[in-house]
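> 3D, please:
(2 chains)
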Amino acid sequence: MIPEYGHFALILAACVSLALGVVPLLGAARRRPLWIAAARPLAGGQLAFAGVAFACLAAAFLGDDFSVAYVAANSNRLLPWFYKLSAVWGAHEGSLLRWVLVLSGWTAAVAVAGRGLPALLLARVLAVMGLVAFGFHLFLLLTSNPFARLLPLPPDDGGDLNPLLQDFGLIVHPPLLYMGYVGLAVPFAFAIAALLAGRLDAAWVRWMRPWTNAAWAFLTLGIALGSWWAYYELGWGGWWFWDPVENASLMPWLLATALAHSLAVTEKRGLLRGWTLLLAIFAFALSLLGTFLVRSGVLTSVHAFAADPTRGVFVLGFLGVVIGGSLLLYGLRVPTLPAPAGFGWRSREAALLANNALLVVITGVVLLGTLYPLIADVLGWGKISVGPPYFDSFFVPLTLGLALLLGLGALLQWKDTALLRLRGALGLGAVVALLAGILLPRLWGEWRWGAGLALAAACWILALSGWDLWRKSAGAGGFWQGVRRLRAGYWGMTVAHLGVALAIAGAGVTGSYSLERDLRMAPGDRLDLAGWEFRFEGVREVAGPNYRSQKGVVTVTRAGQPAMRLQPEKRRYLGGQVMTEAAIDAGLWRDLYVALGEPLDGEAWSVRVHVKPGVRWIWLGGAWIALGAALAAADRRYRTRATVAASAAISAGG
Amino acid sequence: MHPQRRRRLALVLFIVALSSLGVGLAVYALRQNLNLFYTPRQVVAGEASTLARIRVGGMVVRGSLEREPDSLAVRFRLTDGDRELWVRYEGILPDLFGEGEAAVAAGHLRPGPLLEADQVLAKHDENYTPPEVVEGMKAGHAARAAREAAGQEATSQPNAAEDSAP
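Okay, here's the model as predicted:
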């Protein structure tokens, strides 16, 4: 019965989301206080029903109910309980249910945290999120019901969860990524609500900022975790493949980054309002596009689910309605906005505008490369794929440009800056960057362009951020007193910028100085790589809970001293799938990476041995960016303003 | 013209020129890095370029995989059910690579014809086969059926009857 309860709860959740999408909007149009006030309880009801549906599916997984088709396809009696739980979102139907649950969670969070918001604005925001949720509920119920039964003859045991997904990375990566993807629905809903109301004042922007930063933090963490997971689980030793689905998550991230910055301009100076709205709309539209790319199976990708054309058509239609409707509303309402004041080209506004322009250009380049194979296919130009060199040739120089701008932009003041006063800082930054670019690569060996430029860019950001921190904290009470006075928002910006520097440095160093050898090794064979000696000892059979493994042993020595034993595995799961488990010795300065290829004649194996300096910095940098975004979202200013505004309104009224 | 309008016009022209330059560069870079997909039948018929990097997809012919004893170099044949193509590759083959399974090889075409692959991809899960390969196999089987129906003898290419579509 539990799956039926789940199905029923899902239908109820769909009904509630429709009510949430319609009633408050009508109420706002007709000024009916009761209808407007319905928004918050409806948001809570939606979360409750979606939660029940999700819990029912989880119960079906934990209870090995193989009469449910989705459970039968993705679970197995022998699967450990935590993988049974994470298998709930391991394939299409369940991950979509999770999507709906997360969206309901964000909606409820806005309902709770938004108590201080004007009732009309809150009602509209929740209603827009309800409409989006209704679209996804329909998608679930019409094309991908996770509770469909396999009756009357359920199988005794399930197929297995795809072994690629039987991993800690899968437990955390999709939920975080979804928090980010779906979180972008909040700024989108704020944008649509503002357009509906025809009012775009500073209060609206101040409300939108922390939500954007929170969603952006989750998206950053999700992408960084995905990259880390691909690195150790796919067994190729790469950290970014320009796979269409990676691009699908990168594009909303790029636009969310732009949005987080343009919101600063809109809040502080009231400029770029229309642009900010457009970014909010497109960031969410791109996260829907990502869903379409993953779900429809139109692109060949590591992530592609087995194709089902009706799903693709549904998401594409939904995407069309969302983008078309939003842009129509935008076109009708934006020309009525008041014309803003201007600003000088040496101002922070100008730097942030340039930052936005660069980020949008990068998004456009990635979008073109990702969609080109689809366009070519539709137009009959043949089956095409776009190679990574295309992406690299744009992404790398544009990112370096962005880094240059980042260091400078953070120093500039609003409206206009006397550049003469920044002479010292810019000189310092230039000298540090030049020295770092020339000298630091020598730590890893021969000087290379990639590492030189990346380290110069990273140290440019580091030097200028440090200078700014020193200057901002100057004043009475000395440095430490000053540091304590700085706001969370400022710390957020600085930490995120240092994260960018760290990630750029990591990408440059690992790109230039990774040593990779694929070779045939018989027991007793040795390989010298970057001062490490790898000795292949052989392979033995080991049994796991739902797989048999061939476990290799590689002893590593450095300068004759034994350093470690690495045990890469080749697992064959019960379903017949084969998985490579790389053995990685992780370090802040270098990773040693050994993976088994395939058995060759005799006792020999093909073995992949990598030494990758600095590869951890990429993900650490991502974590710093997320931390910075979280700090900025938590700035007290956003929480106290509501009461200040409320008391101001009261005093103005009284 | 009003000086302010003239300035605005200059700005608009500048933006238009800059963005067209950008789009032009992007399209050029895209053209340089396109990897066209072919089936073995198309390659054998001489449709594929010998200069650009191409991708060829099909089923790995059973019994065709040969390894060199002292290195990681391998040779195997890809079929679309009609024609076959030799592929040479040096490196580690993916986990789900196997005879009778779908694979896509990317690289440069050498006389023979032989594909000198720098990358070999296999399907990544049991239930998923790249759509290009499925279509290529369908076309290949259709072409072969048509050829046999016309009473032609199978040509010098050994056929691949045991490798049916997934």
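> can you list the domains in the chain?
In the absence of a named chain, this looks at chain A. Residue ranges for the domains of chain A, per automatic domain parsing: A:1-160, A:515-616.
> other chain: chain B
B:1-33, B:36-149.
> first-to-last residue distance for the longest one?
Looking back up the chat, that one is domain B:36-149. 31 Å (C-alpha to C-alpha, to the nearest Å).
> rewinding a little: chain B is nearest to which of the domains of chain A?
Nearest to chain B, of all those, is domain A:515-616, at 3.6 Å by C-beta to the nearest C-beta. Any C-beta I mention is one placed from the backbone N, CA and C, and that applies to glycine too.
> and the strands in chain A?
A:383-386, A:515-521, A:526-529, A:532-543, A:547-558, A:561-566, A:569-573, A:578-581, A:583-585, A:590-599, A:605-613 (DSSP state E).
> kindly apply the preceding question to chain B instead.
B:34-38, B:54-60, B:66-67, B:73-79, B:84-90, B:102-110, B:114-122.
> lowest-confidence stretch among those strands?
Of all the strands of chain B, mean pLDDT reaches its minimum on strand B:34-38 (a mean of 86).
> can you list the strands that that strand pairs with?
Taking DSSP bridges as the criterion, strand B:34-38 forms sheet pairs with strand A:383-386 (antiparallel), strand B:54-60 (parallel).
> any idea how far it is from the chain center?
Put simply, strand B:34-38 sits 5 Å off its chain's centre (C-alpha atoms, centre = their mean, to the nearest Å).
> same check on stretch B:110-124?
Distance, centroid of stretch B:110-124 to centroid of chain: 8 Å (C-alpha atoms, centre = their mean).
> what does stretch A:519-535 give?
For stretch A:519-535, the distance to the chain centre is 38 Å (C-alpha atoms, centre = their mean).
> now do stretch B:91-101
With C-alpha atoms, centre = their mean as the basis, stretch B:91-101 stands 16 Å off its chain's centre.
> can you pull the buried residues of it?
B:91, B:92, B:93, B:94, B:95, B:96, B:97, B:98, B:99, B:101 (16 or more other C-beta atoms under 10 Å in any protein chain shown).
> show me where pLDDT drops low in the chain?
Let's take chain A. A:295-309, A:336-341, A:476, A:640-654 (pLDDT under 70).
> nope, chain B
In chain B, residues with pLDDT under 70: B:1, B:123-131, B:151-166.
> okay, and the beta partners of the residue most central in space within it?
In chain B, the centroid-proximal residue (C-alpha atoms, centre = their mean) is residue B:55; its distance is 1.9 Å. When assigned by DSSP bridges, residue B:55 has beta-bridge partners residue B:37, residue B:106.
> hmm, it is touching residue B:35, no?
Yes. Using C-beta atoms under 8 Å, residue B:55 is in contact with residue B:35, at 5.0 Å.
> how close does the residue nearest to residue A:259 when sequence neighbours are not counted get to chain B?
Nearest residue to residue A:259, sequence neighbours excluded (C-beta to C-beta, 6 or more residues apart in numbering or on different chains): residue A:279, at 4.3 Å. Distance, residue A:279 to chain B, by C-beta to the nearest C-beta, to the nearest Å: 18 Å.
> elements contacting the longest helix anywhere in chain B?
In chain B, ranked by residue count with DSSP state H as the criterion, the top helix is helix B:3-32. Contact here means 3 or more C-beta pairs under 8 Å, 6 or more residues apart in numbering or on different chains; DSSP states H and E; on that basis helix B:3-32 packs against helix A:348-378, helix A:388-409.
> the ones you listed: which one's closest to chain B?
helix A:388-409 (3.8 Å).
> just the residues contacting that closest one, thanks.
Identification of contacts with helix A:388-409 by C-beta atoms under 8 Å, 6 or more residues apart in numbering or on different chains yields A:241-242, A:247, A:348, A:351-352, A:354-355, A:358-359, A:361-362, A:365-366, A:369, A:426, A:429, A:453-454, A:457-458, A:460-461, A:463-465, A:497, A:500-501, A:504, B:26, B:29-30, B:32-33.
> rerun that using 6 Å as the cut-off
Helix A:388-409 has contacts (C-beta atoms under 6 Å, 6 or more residues apart in numbering or on different chains) with A:242, A:351, A:354-355, A:358, A:362, A:365, A:369, A:429, A:457, A:460-461, A:464, A:497, A:504, B:29-30, B:33.
> most packed of the domains of chain B?
Among the domains of chain B, domain B:36-149 has the highest mean neighbour count (mean count of other C-beta atoms under 10 Å in any protein chain shown), at a mean of 19.
> any idea how far residue A:85 is from residue A:182?
Counting by C-beta to C-beta, to the nearest Å, the separation of residue A:85 from residue A:182 is 20 Å.
> same question but for residue A:311, I mixed them up
Separation of residue A:311 from residue A:182 (C-beta to C-beta): 18 Å.
> between those two, who's got more neighbours?
Taking other C-beta atoms under 10 Å in any protein chain shown, residue A:311 and residue A:182 do not tie; residue A:182 has more neighbours (29 against 21).
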